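# Got a predicted structure here, sequence first:
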Amino acid sequence: AQTVTQSQPEMSVQEAETVTLSCTYDTSESDYYLFWYKQPPSRQMILVIRQEAYKQQNATENRFSVNFQKAAKSFSLKISDSQLGDAAMYFCAYRTEFTGNQFYFGTGTSLTVIP
Amino acid sequence: DSGVTQTPKHLITATGQRVTLRCSPRSGDLSVYWYQQSLDQGLQFLIQYYNGEERAKGNILERFSAQQFPDLHSELNLSSLELGDSALYFCASSGRGTTPEQYFGPGTRLTVT
């Protein structure tokens, strides 16, 4: 079974600085999707960014970008110009292309933004 | 607004009782997923349905069951409730067109007293 590992339970960043959240995964598949979700204090789960495994180009959404290293099975999230509203729990997720489109989530990284 | 709706938003009940949580997926999404999230915990995958059929099971207790109806809405039934079942229960849907991501509902906050 696929596993997703987030080795940083907590991270902090100064406002306006850049922070990188780490995620690794284990799979034998060649086609899959990776995601980062944000869960602010409201506890709503919000999609931040998506990466298709077949794409070599790293996904970018405004201040959020990823560093996707397929061979290393690594998928980190970079947040630039951090804002107070970025404070949240961040979950890395993997979706299989086969076997029923199952999703696997990491345990999350709690990000604190320091004013 | 993700397009996924969940009712009720809050539920308070006593131990030993049974409750039903309801989820309506985004229009056209065939897959529905249920998750449990206890306070300060990660997401625990419970079960997945695809077009009415059970597709995958996670750490779902025998006291819990779910189903997906022909109109694609889903219900999660929790019975013989215990204090430890108090949690936020999320429903998510996926599968429409070229959007592989899951969209989450706002969750149902269950408190067992």
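Received the coordinates, thanks.
# ok, which stretches of chain A are helices?
For chain A, applying DSSP state H gives no helices.
# mind checking how far the most centrally placed residue in chain A is from residue A:49?
By C-alpha atoms, centre = their mean, chain A has its centre lying nearest to residue A:36, at 3.3 Å. Noted for residue A:36: a distance of 5 Å to residue A:49, by C-beta to C-beta, to the nearest Å. For the C-beta atoms, the positions are set from N, CA and C on the backbone; glycine is no exception.
# what does chain A have sitting close to chain B?
Counting by C-beta under 8 Å from any C-beta of the partner chain, chain A comes close to chain B at A:33, A:35, A:37, A:43-47, A:50, A:52, A:91, A:93, A:95, A:99-108.
# The residue positioned nearest the centre of chain B in helix, strand or coil?
Most central in chain B under C-alpha atoms, centre = their mean is residue B:34, positioned 3.4 Å from the mean C-alpha point. Secondary structure for residue B:34, judged by DSSP: H, G, I helix; E, B strand; the rest coil, is strand.
# Would you enumerate the residues in contact with it?
If a contact means C-beta atoms under 8 Å, 6 or more residues apart in numbering or on different chains, then residue B:34 has B:23, B:45-48, B:60, B:66, B:74, B:76, B:89-91 as its contacts.
# So which of those residues wins on neighbours?
Each of the contacts of residue B:34 was scored by neighbours using other C-beta atoms under 10 Å in any protein chain shown; the highest score is residue B:91's, at 29 neighbours.
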